[in-house]
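# return atomic coordinates for the entry below.
(one chain, ligands or ions: 1)
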Amino acid sequence: MTIEGKSALVTGAARGIGLAVAERLAADGAAVSLVDVTPEALDTAREALLSAGHRVTSFVADVSKREEVFAAVDHAERELGGFDIVINNAGVARISAITDITEEDVELMHDVNVKGVLWGIQAAAEKFRANGTKGKIISAASIAGHEGFPMFGAYCATKFAVRALTQAAAKELAPHGITVNAYCPGIVGTAMWDEADAQFAELTGAKTGETFESFVSTIPLGRAQTPEDVAQLVSYLAGPYSDYMTAQSLIMDGGMVCR
Ligand code: NAD
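Numbering: from 1, shown residues only. Below is the predicted model:
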């Protein structure tokens, strides 16, 4: 129970990594607000956490919309009676060769992965400063934020941007005792990878599952990452053991990318 009594907001919490992070922070003792753009899946996730005995609320928001993110933070503080931790986890991926990527896909990934993180940092920083809270801001980057991967070029650009925002925000907010870090997973078996694998199949003729397996075969630890693996790292970043850490984008990927 490392964060007993704290309140945390997790975006993209209806499934995948976000849901595992919300479950983990709740198990660590936090009250949690789940935020996502898909209402039905969000309701299911909230009911599952409630029936496990956790203190939880939910809020429908599109993280690419600044006012919706600020409203989500207000909702979390009001419903949970405080606001200490934000996890800017929501993200989207579109697969394409760098020569073929469309304006529409670039805009979608920039809106969700970059603006969504920026608004999350802004909204949390404003609330923490107003309340005098030494809060924690934690965002989803990726190994794709440390290295460019073929067919993931525009996605990688958004994750490099998350690292940039993390470093700048950390240095600006350090005088207020607010820390800003990011987590960088590797190849995680979620719906995002199912969709990426299907896009690869369409573009390259690969069989379903083949692209995912070929990425997994390059992981030194020999298996795909689970959302729960990622949640362990986020738990560390959200809890007191990381109090002296800021401006970092930590890789946890089974050994694929070395920095
Ligand atoms: P996912 O697609 O399984 O889940 C993402 C969630 O975000 C969904 O519930 C979706 O509804 C929500 N979402 C999407 N757009 C949104 C928006 N505009 N506003 C609010 N919510 C929105 O993805 P995942 O695999 O769980 O990934 C979570 C994060 O981790 C993402 O930022 C992703 O880029 C990053 N990541 C994933 C992997 C991986 O291998 N899956 C690896 C590294 C980093």
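# would you map the strands across the stretch 1-150 of the chain?
Along the stretch 1-150 of the chain, counting by DSSP state E, counting those that start in this stretch, strands occupy 7-11, 31-36, 56-60, 85-88, 136-140.
# angle of the last one against strand 7-11?
Counting by axes from the mean of the first three to the mean of the last three CA atoms, to 10 degrees, strand 136-140 lies at 20 degrees to strand 7-11.
# would you mind writing the CA trace of strand 136-140 as CSV?
Extracted in CSV, the C-alpha atoms of strand 136-140 (Å, rounded to 0.1, in the frame of the first residue of the first chain):
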residue,chain,number,x,y,z
LYS,A,136,3.6,13.2,-9.9
ILE,A,137,3.1,13.5,-13.6
ILE,A,138,3.7,10.2,-15.5
SER,A,139,3.2,9.7,-19.3
ALA,A,140,3.4,6.9,-21.8
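# say whether the ligand is contacted by it.
Yes - for strand 136-140 and the ligand, the contact criterion (CB under 6 Å from any ligand atom) is met by Ala140. Yep, even glycine has a C-beta here, placed from its N, CA and C like the rest.
# for that strand, buried residues please.
For strand 136-140, burial by neighbour count (16 or more other CB atoms under 10 Å) applies to 136-140.
# for Ala90, which non-adjacent residue is spatially closest?
Once flanking residues are discounted, Ala90 sits nearest to Gly12: 3.2 Å by CB to CB, 6 or more residues apart in numbering.
# for the one you found, what are its contacts?
18, 35-36, 63, 89-91, 140 (CB atoms under 8 Å, 6 or more residues apart in numbering).
# so where is the protein shaky, pLDDT-wise?
1 (pLDDT under 70).
# relative to Thr211, how far out is the residue of the chain positioned farthest from its centre?
Residue farthest from the centre of the chain, counting by CA atoms, centre = their mean, is Gly205 at 30.3 Å. Plainly put, Gly205 is 11 Å away from Thr211 if you go by CB to CB, to the nearest Å.
# kindly report the same for Arg94.
Arg94 sits 14 Å away from Thr211, going by CB to CB.
# compare those two (neighbour count), which wins?
A count of neighbours by other CB atoms under 10 Å puts Thr211 above the other of Arg94 and Thr211, at 21 against 18.
# give me phi/psi at that one?
Backbone torsions of Thr211, given as degrees, to the nearest 10, read phi -70, psi -40.
# wait, it touches Leu203, no?
No - applying CB atoms under 8 Å, one finds Thr211 not in contact with Leu203, separated by 9.6 Å.
# what residues does the stretch 51-200 of the chain put near the ligand?
For the stretch 51-200 of the chain, the contact set with the ligand under CB under 6 Å from any ligand atom comprises 62-64, 89-93, 112, 140, 142, 185, 187-188, 190-193.
# phi and psi next, for Ile3.
The phi/psi pair for Ile3 (degrees, to the nearest 10) is phi -130, psi 40.
# show me the contacts for the closest residue to Gln225 other than its chain neighbours.
The shortest distance from Gln225 to any non-neighbouring residue, by CB to CB, 6+ apart, is to Val188 (4.5 Å). Shown in contact with Val188 (CB under 8 Å, 6+ apart): 16-17, 224-227, 229-230.
# rebuild those residues as TSV, extending it with distance to Gln167.
Output for those, formatted as TSV (distance: CB to CB, whole Å):
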residue	distance to Gln167
Gly16	26
Ile17	22
Ala224	29
Gln225	24
Thr226	28
Pro227	26
Asp229	24
Val230	21
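# which of those fall in helices?
The helices, defined by DSSP state H, take in 16-17, 227, 229-230 from the contacts of Val188.
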